[in-house]
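Chemist: please find the sequence and the predicted model below.
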Amino acid sequence: AQSVTQPDIHITVSEGASLELRCNYSYGATPYLFWYVQSPGQGLQLLLKYFSGDTLVQGIKGFEAEFKRSQSSFNLRKPSVHWSDAAEYFCAVGDAAGNKLTFGGGTRVLVKP
Amino acid sequence: DTGVSQDPRHKITKRGQNVTFRCDPISEHNRLYWYRQTLGQGPEFLTYFQNEAQLEKSRLLSDRFSAERPKGSFSTLEIQRTEQGDSAMYLCASSPRTGPDTQYFGPGTRLTVL
């Protein structure tokens, strides 16, 4: 069975500082990996995804993520956060058939002025 | 292209009542998914459709829950005899094809069972 762990429940970061959110997954085959962002009261918006190829993927809003198969990780990064980045971030793994996504518990990001 | 829409956005009901939610996927997306998200948790898969066929149901989907997607367009999720534990955000998503692809999420329906 597939699973996702996001070890950090909350992260507080100063505006302009860098951000890294951790994601570890468990999946027996080639993983299809996603990062979504959810603002209060909103649905989920896709930030980026990894299916194959270059292990460093670029997404929207200046985010990037790196797939490391040896560590079963797909960490999300942003060099300089903006106050509008305050939200909850979810890592997810999908299967090859596209049947469903399995999400981590999420990381809530607070941005200090 | 309009996104995934869900109706209603909020629903408050009393325990024991039946509720029905609607999801309209992005036009021509043949896969439609339902997830449930409780406070402080990530979304959990409930069920999905390929066109009008319901292909998988999670064990989370008790027999009080039923989902349909007539004609492969919009979908409804009905909860019968609601319980307080059903209080959650119900999210719908669609994707354009079979195989791994981006799932596009709607804004969700927040259910509160009193």
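Modeler: Sure, I can see it.

Chemist: for the lowest-mean-pLDDT helix or strand in chain B, packing partners?
Modeler: Within chain B, confidence by mean pLDDT, DSSP states H and E is lowest for strand B:53-57 among all helices and strands, at a mean of 91. If you count contacts as 3 or more Cβ pairs under 8 Å, 6 or more residues apart in numbering or on different chains; DSSP states H and E, strand B:53-57 packs onto strand B:44-50. For every residue, glycine as well, the C-beta is placed using N, CA and C.

Chemist: do the helix or strand following the least confident helix or strand of chain B and chain A meet?
Modeler: Next helix or strand after strand B:53-57 toward the C-terminus (DSSP states H and E): strand B:65-68. No - Strand B:65-68 lies apart from chain A when judged by Cβ under 8 Å from any Cβ of the partner chain; the minimum separation is 13.7 Å.

Chemist: how about the CA coordinates for the least confident helix or strand of chain B, as PDB?
Modeler: C-alpha atoms of strand B:53-57 as PDB (Å, rounded to 0.1, in the frame of the first residue of the first chain):
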ATOM      1  CA  ALA B  53     -18.500   3.400 -14.200                       C
ATOM      2  CA  GLN B  54     -17.600   3.400 -10.500                       C
ATOM      3  CA  LEU B  55     -14.300   1.600 -10.500                       C
ATOM      4  CA  GLU B  56     -13.100   1.700  -6.900                       C
ATOM      5  CA  LYS B  57     -14.500   2.400  -3.500                       C
END
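
Chemist: relative to strand B:44-50, how tilted is it?
Modeler: 160 degrees (axes from the mean of the first three to the mean of the last three Cα atoms, to 10 degrees).

Chemist: and strand B:53-57, how far from the chain's centre?
Modeler: 13 Å (Cα atoms, centre = their mean, to the nearest Å).
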